[in-house]
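K.L.:
Here you go, sequence then predicted model.
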Amino acid sequence: DAGVIQSPRHEVTEMGQEVTLRCKPISGHDYLFWYRQTMMRGLELLIYFNNNVPIDDSGMPEDRFSAKMPNASFSTLKIQPSEPRDSAVYFCASSFLIENTGELFFGEGSRLTVL
Amino acid sequence: GQSLEQPSEVTAVEGAIVQINCTYQTSGFYGLSWYQQHDGGAPTFLSYNALDGLEETGRFSSFLSRSDSYGYLLLQELQMKDSASYFCAVGVYNTDKLIFGTGTRLQVFP
């Protein structure tokens, strides 16, 4: 398997623009997580899905952020409008039977810079 | 709520042994995981403790004591390539969330 695939790897945009980050989880995994990583706040859980259904979005910072998982092989994280404080690395991760394994498989991340 | 504390930085020399501690406050969890992250890279899974005690995986071992709200990652025979950040993470009970600690940056010197 190719692992978790994220795109774009790097995005530079201007404040106010819409940003869409994409993720393809590992086939057969039933959980998908979106994390954000910054120096100040570390790795923050934004939202996670189980079998394509959003389970907990309490980590989503505000209404400007939204996430969808229309099918088992694709998820998006959208920021509209973007702000400079959204600059971070956004990781997507997938897992199977996480309560038994404690193992997440991370994508390479999308580094977002909002000017 | 949950909080996991780790030392911010640890230094050691090649061939040495280093222990990275993780203390936590959580209402309940099903296990403690450890992840490694090199600069510019993604976190990668190292080990998982569902039960108290020691789990060994090659040069790396991980320990959990629920009664002490404490765990650690032990790295033996350190190599330069072990220079990275290390994160502990707990799986929150009755959810499937994995909450990460503050991270420890390990620098290995020749």
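P.N.:
Received the coordinates, thanks.

K.L.:
residues near A:S66, how many?
P.N.:
Around A:S66 there are 15 other residues, counting by other CB atoms under 10 Å in any protein chain shown. Just so you know, the C-beta spots here come from the backbone N, C-alpha and C atoms, and that holds for glycine as well.

K.L.:
Quickly find the element holding it.
P.N.:
In this structure, A:S66 sits in strand A:65-71 according to DSSP states H and E.

K.L.:
And chain B, is that strand touching that?
P.N.:
No: against chain B, strand A:65-71 shows no contacts by CB under 8 Å from any CB of the partner chain, the least distance being 14.4 Å.

K.L.:
on contacts alone, who are the packing partners of that strand?
P.N.:
Packing partners of strand A:65-71 (3 or more CB pairs under 8 Å, 6 or more residues apart in numbering or on different chains; DSSP states H and E): strand A:42-50, strand A:53-56, strand A:74-79.

K.L.:
Please repeat the previous calculation with a cut-off of 10 Å.
P.N.:
For strand A:65-71, the elements it packs on are strand A:19-24, strand A:31-38, strand A:42-50, strand A:53-56, strand A:74-79, judged by 3 or more CB pairs under 10 Å, 6 or more residues apart in numbering or on different chains; DSSP states H and E.

K.L.:
out of these, which comes closest to chain B?
P.N.:
Closest to chain B of the helices and strands packed on strand A:65-71, according to CB to the nearest CB: strand A:42-50, at 4.1 Å.

K.L.:
re the thing from before, of the helices and strands packed on strand A:65-71, flag the one that's most buried.
P.N.:
Comparing these by mean neighbour count (mean count of other CB atoms under 10 Å in any protein chain shown), strand A:31-38 comes out on top with a mean of 22.

K.L.:
and the angle from it to strand A:19-24?
P.N.:
With axes from the mean of the first three to the mean of the last three CA atoms, to 10 degrees defining the directions, strand A:31-38 sits at 140 degrees from strand A:19-24.
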